[in-house]
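1. mind looking at a prediction? Sequence and model below.
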Amino acid sequence: MLVSATDMLQKAEAGHYAVGAFNLNNLEWTTSLLRAAEETQSPIILQVSKGAGAHMGGFKCNALMVAEMLKSQHMTVPVALHLDHGTYEGCLAALDAGFSSIMYDGSQEADFETNLKNTAELVKLAHAQGVSIEAEVGGIGGTEDGVTSRGECADPEECKRIADLGVDFLACGIGNIHGVYPDDWEGLQFDVLAAIKEAVGHLPLVLHGGSGIPDDQIKKAIQNGVSKINVNTECQIAFADATKAHFASGEVDKPKGFDPRKCLKPGFDAVCDKAKEKIALFGSEGKGWN
Ligand SMILES: [Zn+2]
């Protein structure tokens, strides 16, 4: 059964480790991530963006797929299905579809007051269904149309106002960005993280754009209050690299080598391995039901 992400993240915050939130890209990706969680006995958050959700048949199809896989893969660890960067309407659709967790990204709204108002409404709707909710303060930078921003930093006062609405965990920019980090990236801003943590207390914090941040910075962020780390790009690169190598090896030209279940298997195995590597780094190994 899918669970909300509240309990697993509160335990992670108290225990100074983080739970990985891995984006789904298709059915086999989901299988690979669940296998990684079960083999490491780690809790896991599977998250779906609007685009990937549509690619996989829509939110209702996503929720049914994951719920059925928990049974067919005999999962014994806690699994949450989370909407990544939802709009207000997207959150309503994910709640209706049976997601166990949602993120409302109010940083895209015209002003902070709109973010505050919509977050307050969605907290009530989510909690009425036992669903956890993540909110966001300040944008997370990223590479769009070839332009990479430095990575915004959230205002601790605004974080406190959103936290007080009863959200279960909070995404806040601390210099992190989505996608591949540029060579001249300045690193995570730990003074900003400390100020936000001071303002929001034990509320679990979320680090978006977790791919490509050096391990020492990841560990320091976890020690200072980050309890959920989003990973997508690194799994995608691991999949692409393994798939390219397999096609270059000539295996695909052998009898039945063209079977998609065979020719894409090395890529999906690479996703599982990458997720296990991240779970070990984040410290959630063996924390399945702790
Ligand atoms: Zn994000």
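-> Looks like it came in fine. Everything numeric here is computed off the predicted structure, so don't read it as measured data.

2. isn't Phe190 right up against Gly225?
-> No - using CB atoms under 8 Å, Phe190 makes no contact with Gly225, being 10.5 Å away. (Each C-beta comes from the backbone N, C-alpha and C, glycine too.)

3. okay, those two: which has more neighbours?
-> The neighbour comparison of Phe190 against Gly225 (other CB atoms under 10 Å) goes to Gly225, with 21 against 15.

4. can you pull the contacts of that one?
-> Residues near Gly225 by CB atoms under 8 Å, 6 or more residues apart in numbering: Glu13, Leu193, Ile196, Lys197, Pro204, Leu205.

5. and the pLDDT at the first one?
-> If you check Glu13, the pLDDT there is 97.

6. outside of whichever strand or helix holds it, which residues touch it?
-> Element membership for Glu13, per DSSP states H and E: helix 6-15. For helix 6-15, contacts defined as CB under 8 Å, 6+ apart pick out 18-19, 43, 45, 78, 80, 132, 168-169, 202-204, 225, 227-228, 283-284, 287, 290.

7. got the CA coordinates for it in CSV?
-> Provided in CSV are the C-alpha atoms of helix 6-15 (Å, rounded to 0.1, in the frame of the first residue of the first chain):
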residue,chain,number,x,y,z
THR,A,6,5.3,12.5,6.2
ASP,A,7,6.3,9.7,8.6
MET,A,8,9.4,8.5,6.6
LEU,A,9,10.6,12.1,6.4
GLN,A,10,10.1,13.0,10.0
LYS,A,11,12.1,9.9,10.9
ALA,A,12,14.8,10.9,8.5
GLU,A,13,14.9,14.4,9.9
ALA,A,14,15.3,13.1,13.5
GLY,A,15,17.8,10.4,12.4
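
8. now the element after that helix, going C-ward?
-> Using DSSP H and E, the helix or strand that follows helix 6-15 in sequence is strand 19-23.

9. distance from that next one to the middle of the chain?
-> Distance, stretch centre to chain centre, for strand 19-23: 4 Å (CA atoms, centre = their mean, to the nearest Å).

10. try stretch 202-213
-> 9 Å.

11. buried residues, it. List them.
-> Within stretch 202-213, the residues scored as buried using 16 or more other CB atoms under 10 Å are Leu203, Pro204, Leu205, Val206, Leu207, His208, Gly209, Gly210, Ser211, Gly212, Ile213.

12. quick one: residues contacting the second one.
-> So that's Pro204. Leu9, Gln10, Ala12, Glu13, Asp168, Phe169, Leu170, Gly225, Ser227, Lys228.

13. quick check: closest non-adjacent residue to it.
-> Leaving aside its sequence neighbours, Pro204 sits nearest to Ser227 (CB to CB, 6 or more residues apart in numbering; 3.6 Å).

14. show me where pLDDT drops low in the protein?
-> Counting by pLDDT under 70, the ranges of the chain that qualify are 142-150, 290.

15. mind checking the longest strand of it?
-> When the chain is parsed with DSSP state E, its longest strand is strand 79-86.

16. kindly format the C-alpha coordinates of it as PDB.
-> Written as PDB, here are the backbone C-alpha positions of strand 79-86 (Å, rounded to 0.1, in the frame of the first residue of the first chain):
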ATOM      1  CA  VAL A  79       6.700   3.700  -0.800                       C
ATOM      2  CA  ALA A  80       5.200   7.100  -1.400                       C
ATOM      3  CA  LEU A  81       3.900   8.200  -4.800                       C
ATOM      4  CA  HIS A  82       4.500  12.000  -5.100                       C
ATOM      5  CA  LEU A  83       3.600  14.700  -7.600                       C
ATOM      6  CA  ASP A  84       6.700  16.700  -8.500                       C
ATOM      7  CA  HIS A  85       6.300  20.500  -9.100                       C
ATOM      8  CA  GLY A  86       2.500  20.400  -9.300                       C
END
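
17. what helices and strands are in contact with that strand?
-> strand 19-23, strand 44-48, helix 50-55, helix 59-72, helix 88-97, strand 101-104, strand 132-137 (3 or more CB pairs under 8 Å, 6 or more residues apart in numbering; DSSP states H and E).
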